[in-house]
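A.B. asks: Fold the following and give me the result.
(chains A and B)
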Number of protein chains: 2
Amino acid sequence: MTGLALPADLDETTVTAAAVASFDNTPDPRLRACLSILVKHLHAAVREMEPTIEEWEQAVDFLTATGQKCDDTRQEFVLLSDVLGISSLVENINHRKSPSATEATVLGPFHMTESPQRELGESIDEVAKSEPCLVTGRVVSVDGTPLRGAGVDVWQADEDGYYDVQRPGVLPPGNGRGLFTTDDDGRFCFTTVVPSHYPIPTDGPVGQLLLATSRHPYRPAHIHFIVTANSHLPVTTHIFVADSPYLDSDAVFAVKRSLVRDFRRTDDADTATRHGLPNPFMHTEIELVLEPARGEGSA
Amino acid sequence: MTGLALPADLDETTVTAAAVASFDNTPDPRLRACLSILVKHLHAAVREMEPTIEEWEQAVDFLTATGQKCDDTRQEFVLLSDVLGISSLVENINHRKSPSATEATVLGPFHMTESPQRELGESIDEVAKSEPCLVTGRVVSVDGTPLRGAGVDVWQADEDGYYDVQRPGVLPPGNGRGLFTTDDDGRFCFTTVVPSHYPIPTDGPVGQLLLATSRHPYRPAHIHFIVTANSHLPVTTHIFVADSPYLDSDAVFAVKRSLVRDFRRTDDADTATRHGLPNPFMHTEIELVLEPARGEGSA
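C.D. replies: Predicted coordinates:
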């Protein structure tokens, strides 16, 4: 407990220093630093906005509704962070790395259930109503060394733009998700459907914000990946479908040119037979490049 | 709907401009301005903090829990705004007024029920287990003109530091609250108990924040007022009890020297008889001074 020893009169000019100083006795220096920074910038925003009391109340109501929209399968504050570009900024700050490594992008709000462990080659599409798409790839270190035993956690929306958790009872849990382990050559493969572009959920406060600001809610079509390997930094990223709409206006600011891949109709009878697919079939090929963890070898 | 026409690569440097620009087509210019300012300052805070992904997740969890703690009788986001000094700043910005008018201070989170209409002289203390305190006062314009028919909305914690809504079933609804109308001389009076200092609610995320930062949760003893009168600007304020602890370290940064009043044991048999009080009795006297609304007369 601390006596704050506030100035006797807190006014428009003195209150910010008092609020920053109120955290001076925080035992954890990192928490203290973050709170000082946050208070300073939030006060600066308030000074520049000069909100009316009514506007401040609207902000309180918006934040309250955002919190109350959250449940086991919905994270509205992540969505808010996403549409304000904050998630993208945080990801970028945390992944200043070798330019040859696969770029990171946002986690998004749909990684809330554990992906089912699957065998290489298995389909993550449990509905099988659309043309199958083969995804083949490799996990390598920045020097090209294949990374065997790497974990490749995959999740995606289906051909109608829905994740499994958005359509309980219609889509089986685990649809569009899979946790794969690379083989001795660092390779992985699975079949799926080409995901559709889709709107982020618009039935909550974030949807109202987009509506009020004439912003569309769409994300270009993509497959999510979290890739982990021994002695390497993990990467959270997407692969975007090259001809998807909204590549130039992603609602959550996550597109990077290096992450866009062609999904091509391919005529290759041998590969089709090997993967139990009709010929021709859709195909994309992905190389995921991890950076060695600092101070450790890469092999 | 707008094509954002994002740069093909959003990185740590370009994402802020892209996020600000995403609100360029907002029809309401005020909303557009506020969102630009907010995005700019939030991104600046993130750049300065450089949060890890785990810290960003902790922030999301904290905001979510704050929203989910809110209900009909609890507003945890107002409490958060209060302990960060933001409510105080917003109040101060909205009440840049004549130095002779009564200063404003924060609304606080306990004005969520309507105060019962009461006759002048009535007691707002429906429990009557402690020494009564007479509050007499006057509402005047800055030039001294008494304001008759002014609304004086009063709410306060009891002698144990609790508002009615905090102890349902123990305290009658409306205890410590009253809506009075001034007489022809602008006067009002009521009896009550001297309120106690009290902790803001600590059983939620804001309480955890105070604990983690070694801040105490106490507010010095006070009575809340919202005063309204024809042709005058309303004022939301407190009167603080002069000898209360925590006057120099209010958890919500709301104390102003001009709002501190003596509560004195008074020996005055006539006044005691007139108000049905034992003699001596506790007493405080309050003048509430309103500023005329711009462009209107004060009488």
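
A.B. asks: Can you give me the neighbour number for the nearest residue to A:L171 once chain neighbours are set aside?
C.D. replies: The shortest distance from A:L171 to any non-neighbouring residue, by CB to CB, 6 or more residues apart in numbering or on different chains, is to A:D164 (4.5 Å). (Glycine included, C-beta is placed from N, CA and C.) Neighbours of A:D164 under the rule other CB atoms under 10 Å in any protein chain shown: 24.

A.B. asks: Report the contact partners of A:D164.
C.D. replies: A:113, A:171-177 (CB atoms under 8 Å, 6 or more residues apart in numbering or on different chains).

A.B. asks: got a markdown table for those, with secondary structure, distance to B:R274 and pLDDT too?
C.D. replies: As requested, the contacts of A:D164 are exported to a markdown table (DSSP: H, G, I helix; E, B strand; the rest coil; distance: CB to CB, whole Å; pLDDT from 0 to 100):
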| residue | secondary structure | distance to B:R274 | pLDDT |
| --- | --- | --- | --- |
| A:T113 | coil | 71 | 83 |
| A:L171 | strand | 76 | 95 |
| A:P172 | coil | 78 | 96 |
| A:P173 | coil | 74 | 95 |
| A:G174 | coil | 78 | 96 |
| A:N175 | coil | 78 | 97 |
| A:G176 | coil | 78 | 97 |
| A:R177 | strand | 77 | 98 |
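
A.B. asks: ok, of those residues, which one's closest to chain B?
C.D. replies: A:T113 (16.4 Å; CB to the nearest CB).

A.B. asks: Where do the strands of the stretch 51-200 of chain A begin and end?
C.D. replies: Listed in chain order, the strands of the stretch 51-200 of chain A (DSSP state E, counting those that start in this stretch) span A:132-141, A:151-156, A:177-181, A:187-193, A:198-199.

A.B. asks: Are any of the contacts of A:D164 buried, and if so which?
C.D. replies: Buried by 16 or more other CB atoms under 10 Å in any protein chain shown: A:171, A:174-177, out of the contacts of A:D164.

A.B. asks: For the residues you listed, could you give me TSV that also reports distance to B:N25?
C.D. replies: As requested, the buried ones among the contacts of A:D164 are exported to TSV (distance: CB to CB, whole Å):
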residue	distance to B:N25
A:L171	34
A:G174	39
A:N175	36
A:G176	33
A:R177	36
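
A.B. asks: Closest to A:H283 out of those residues?
C.D. replies: Closest approach between the buried ones among the contacts of A:D164 and A:H283, by CB to CB: A:G176, at 17.9 Å.

A.B. asks: biggest helix in chain A by residues?
C.D. replies: helix A:29-49 (DSSP state H).

A.B. asks: can that helix be found next to chain B?
C.D. replies: Yes - Helix A:29-49 reaches chain B (CB under 8 Å from any CB of the partner chain) through A:31-35, A:37-49.

A.B. asks: Buried among those residues? Make that a ChimeraX selection.
C.D. replies: Selecting only the buried entries of the residues of helix A:29-49 next to chain B in ChimeraX, with 16+ other CB under 10 Å as the criterion:
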select /A:31,32,34,35,37,38,39,40,41,42,43,44,45,46,49
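
A.B. asks: For the residue in the stretch 1-150 of chain A that chain B sits nearest to, which non-adjacent residue is spatially closest?
C.D. replies: Residue of the stretch 1-150 of chain A nearest chain B, by CB to the nearest CB: A:G67 (1.1 Å). Take A:G67 and drop its neighbours on the chain: the residue closest to it by CB to CB, 6+ apart is B:G67, 1.1 Å away.

A.B. asks: Next up, the contacts around A:V46.
C.D. replies: Taking CB under 8 Å, 6+ apart as the test, what A:V46 contacts is B:86, B:89-90, B:93.

A.B. asks: Which strands and helices lie in contact with the lowest-mean-pLDDT helix or strand in chain A?
C.D. replies: Least confident helix or strand of chain A, by mean pLDDT, DSSP states H and E, is helix A:86-94 with a mean of 93. With contacts taken as 3 or more CB pairs under 8 Å, 6 or more residues apart in numbering or on different chains; DSSP states H and E, helix A:86-94 sits against helix A:76-83, helix B:15-21, helix B:29-49, helix B:53-68.

A.B. asks: okay if I get those helices as CSV plus distance to A:H216?
C.D. replies: Converted to CSV, the helices and strands packed on helix A:86-94 look like this (distance: least, CB to CB, whole Å):
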stretch, distance to A:H216
helix A:76-83, 11
helix B:15-21, 14
helix B:29-49, 16
helix B:53-68, 24
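
A.B. asks: With mean pLDDT and distance to A:G108 added, can I get those in a markdown table?
C.D. replies: Shown next, in a markdown table, are those (pLDDT from 0 to 100; distance: least, CB to CB, whole Å):
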| stretch | mean pLDDT | distance to A:G108 |
| --- | --- | --- |
| helix A:76-83 | 96 | 7 |
| helix B:15-21 | 95 | 16 |
| helix B:29-49 | 98 | 18 |
| helix B:53-68 | 97 | 13 |
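
A.B. asks: I'd assumed A:T273 was in a strand, is it?
C.D. replies: No - the assignment for A:T273 is helix, going by DSSP: H, G, I helix; E, B strand; the rest coil, so no strand is present there.

A.B. asks: Excluding covalently adjacent residues, which one is nearest to it?
C.D. replies: A:N279 (7.7 Å).

A.B. asks: So for the one you found, what's the pLDDT?
C.D. replies: A:N279 carries a pLDDT value of 94.

A.B. asks: do the same with the one 5 residues further on
C.D. replies: According to the predicted model, the pLDDT of A:T284 comes to 97.

A.B. asks: List the residues that contact it.
C.D. replies: A:133-136, A:239, A:261-264.

A.B. asks: of those, buried ones?
C.D. replies: A:133-136, A:239, A:261, A:263.

A.B. asks: A:Q156 versus the closest residue to A:H222 other than its chain neighbours, what's the distance?
C.D. replies: Leaving aside its chain neighbours, A:H222 sits nearest to A:H238 (4.1 Å; criterion: CB to CB, 6+ apart). Per CB to CB, to the nearest Å, A:H238 is found 9 Å from A:Q156.

A.B. asks: Identify the contacts common to the two.
C.D. replies: A:222-224.

A.B. asks: Redo the residues you listed as a markdown table? Include pLDDT.
C.D. replies: Output for the shared contacts of A:H238 and A:Q156, formatted as a markdown table (pLDDT from 0 to 100):
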| residue | pLDDT |
| --- | --- |
| A:H222 | 98 |
| A:I223 | 98 |
| A:H224 | 98 |
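
A.B. asks: if we can go back for a sec, okay, now the residue of the stretch 1-150 of chain A closest to chain B: neighbour count?
C.D. replies: Neighbours of A:G67 (other CB under 10 Å): 23.

A.B. asks: doesn't B:V60 make contact with it?
C.D. replies: No - using CB atoms under 8 Å as the test, A:G67 is too far from B:V60 to be in contact (10.1 Å).

A.B. asks: residues bridging contact with these two, i.e. touching both?
C.D. replies: Joint contacts of A:G67 and B:V60 (CB under 8 Å, 6+ apart) are A:F77.

A.B. asks: Run the chain-centre distance for stretch A:62-69.
C.D. replies: 21 Å (CA atoms, centre = their mean, to the nearest Å).

A.B. asks: same thing with stretch A:166-175?
C.D. replies: On CA atoms, centre = their mean, the centre of stretch A:166-175 falls 20 Å from that of its chain.

A.B. asks: now the end-to-end length of that stretch.
C.D. replies: End-to-end distance of stretch A:166-175 (CA to CA, to the nearest Å): 11 Å.
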